[in-house]
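**Student:** Sharing a model that was predicted from the sequence below.
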Amino acid sequence: MEGKYKVYNNLPPEIIYVDNSSLKRYISLSELSIREAMKKLNNTIELFQIIVDENNYFLGTLTDGDIRRGLLNGYNLDENVSKCMNVSPILGKIEEQKNNLIKLKEVDRDPLFLPIVDKKLLLKGILIRNSTTDINNALILAGGMGVRLGNLTKNKPKPLLEINGIPILEHCIRKLEDAGISTIYIAINHMSDHIIEFINKKEFKSKIITINESSKLGTIGSLFLVKNKVDFPLLIMNADLVTTLSIPALISFFKTEKADGVITAATYEHKVPFGVLRYNSLGQLESIEEKPTDKNLVAAGVYILNKKIADLLIKEEFLDMPVLVEKAIKQKHNIVVFPVHEKWKDIGRPEDYYDAKDLNE
């Protein structure tokens, strides 16, 4: 018993009720920064926090998706958590247990959880419904030549270059396996025999299927070769990146946004080595900004696409991802951006490769 109220029992196996001391891991105080609350959030399987004040009064909820949307709105991780928390989620009442189970079904944002409060809005518990990933297939793009890497790829394809003693391709496969992806297609072309030999020597939890491009198909043309074989939505990953990006968080974001596609985006900084002139519409100088740093979001090499976008590929041809995305946008498909705040490195140049050796997953 909790006070005069009954504790939930005989719940369906996919639903759990959290209360008492078990609540602590799901609670963040409102005085925390987004970064501090995010650390607590990342220590939960479900990737959410309930935000309360010092007296345990409910103030809002925080999901990984809320953080990503906050970053897109220009907030930084050191601002107060109130900047991006959801202040009006569906709430359950401690005295209405039957009705709370109905409310949990009405939650339309992933992860699926329902804070339970009393009449004074004191947090008393949380109902959590486990959800499946809904994404079981992935495509790794491993056909590139890695020309810019020079001698590093003279006798070895770029996906087999090692980071911390492990090939980049294996980093990608293990990350997808950890996210519950059961079938992984790998598009190969350049030095394909090396990649096939590597896969045949390893043991993976997921089913690995190689797709050999008969000619170079660009960064996404190989999607045509698998679009009638895979289940959608399909997660797509370049085989030349190393990142601590959370794949479950990406999938949760895709489900919540109800998007046709998601494109991950990393922050790219470029320091201008000169003083930049700032002037008005009349050409009058207003200031000189000394060596500013420009920041832009760039494609981070991980995507989720639905069947409608895959069907834009109507034949086997050379096609780069930006061209496909532009086609999707012109046809009014909903493409959303998922900002990456985690560590991320695209292995395009020798200096990128050597820098990535310091990136620990």
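**Tutor:** On my side now, so go ahead.
**Student:** From now on I want contacts and neighbour counts done on CA atoms only, so please keep to that.
**Tutor:** Noted.
**Student:** Check the spacing between the nearest residue to Phe253 once chain neighbours are set aside and Leu47 real quick.
**Tutor:** Of all residues not flanking Phe253 in the chain, Gly65 sits nearest, at 5.5 Å (CA to CA, 6 or more residues apart in numbering). Gly65 sits 9 Å away from Leu47, going by CA to CA, to the nearest Å.
**Student:** hang on, Arg109 packs against Thr256?
**Tutor:** Yes - if you go by CA atoms under 8 Å, Arg109 and Thr256 touch, sitting 4.7 Å apart.
**Student:** Can you list the strands that the longest strand anywhere in the chain pairs with?
**Tutor:** Longest strand in the chain, counting residues (DSSP state E): strand 293-305. Strand 293-305 has the following strand partners under DSSP bridges: strand 234-238 (antiparallel), strand 261-271 (antiparallel).
**Student:** Of those strands, which is nearest Leu11?
**Tutor:** strand 234-238 (32.4 Å; CA to CA).
**Student:** Show me the contact partners of the closest one.
**Tutor:** By CA atoms under 8 Å, 6 or more residues apart in numbering, the surrounding residues in contact with strand 234-238 are 135-142, 172, 301-306.
**Student:** Quick check: of those residues, which has the highest neighbour count?
**Tutor:** Leu139 (30 neighbours; other CA atoms under 10 Å).
**Student:** Enumerate the helices of the stretch 101-250 of the chain by residue range, in sequence order.
**Tutor:** Taking DSSP state H, counting those that start in this stretch as the criterion, the stretch 101-250 of the chain contains helices spanning 168-178, 192-201, 223-226, 247-257.
**Student:** Out of these, flag the one nearest Glu316.
**Tutor:** Smallest distance to Glu316 across those (CA to CA): 6.0 Å, for helix 223-226.
**Student:** what comes up buried for that closest one?
**Tutor:** Residues Leu223, Phe224, Leu225 are the ones in helix 223-226 that count as buried (16 or more other CA atoms under 10 Å).
**Student:** thinking again about what came up before, return the most buried member of the strands paired with strand 293-305.
**Tutor:** Greatest average neighbour count among the strands paired with strand 293-305 goes to strand 234-238 (a mean of 23), per mean count of other CA atoms under 10 Å.
**Student:** Where in this protein is the helix or strand with the lowest mean pLDDT?
**Tutor:** Ranked by mean pLDDT, DSSP states H and E, the weakest helix or strand in the chain is helix 350-356, scoring a mean of 78.
**Student:** For that one, name the packing helices and strands.
**Tutor:** strand 344-346 (3 or more CA pairs under 8 Å, 6 or more residues apart in numbering; DSSP states H and E).
**Student:** re earlier: and which of the contacts of strand 234-238 is nearest to Leu245?
**Tutor:** Of those, the one sitting nearest to Leu245 (CA to CA) turns out to be Val302, at 9.4 Å.
**Student:** who does that closest one bridge with?
**Tutor:** Under the criterion DSSP bridges, Val302 forms beta bridges with Met237.
**Student:** Just confirm it contacts Gly261, I think it does.
**Tutor:** No - at 10.9 Å, Val302 does not count as touching Gly261 under the criterion of CA under 8 Å.
**Student:** hmm, back to that, buried residues, the least confident helix or strand of the chain. List them.
**Tutor:** Tyr353, Ala356.
**Student:** what does it rub up against?
**Tutor:** Under CA under 8 Å, 6+ apart, the answer for helix 350-356 is Arg148, Leu149, Gly150, Leu152, Ile163, Val242, Lys345, Asp346, Ile347.
**Student:** same question, stretch 59-77
**Tutor:** 30, 33-35, 38, 41, 47-53, 83-89, 111, 249, 252-253, 338-340.
**Student:** Might you calculate how far the longest strand of the chain sits from the centre of the chain?
**Tutor:** 12 Å (CA atoms, centre = their mean, to the nearest Å).
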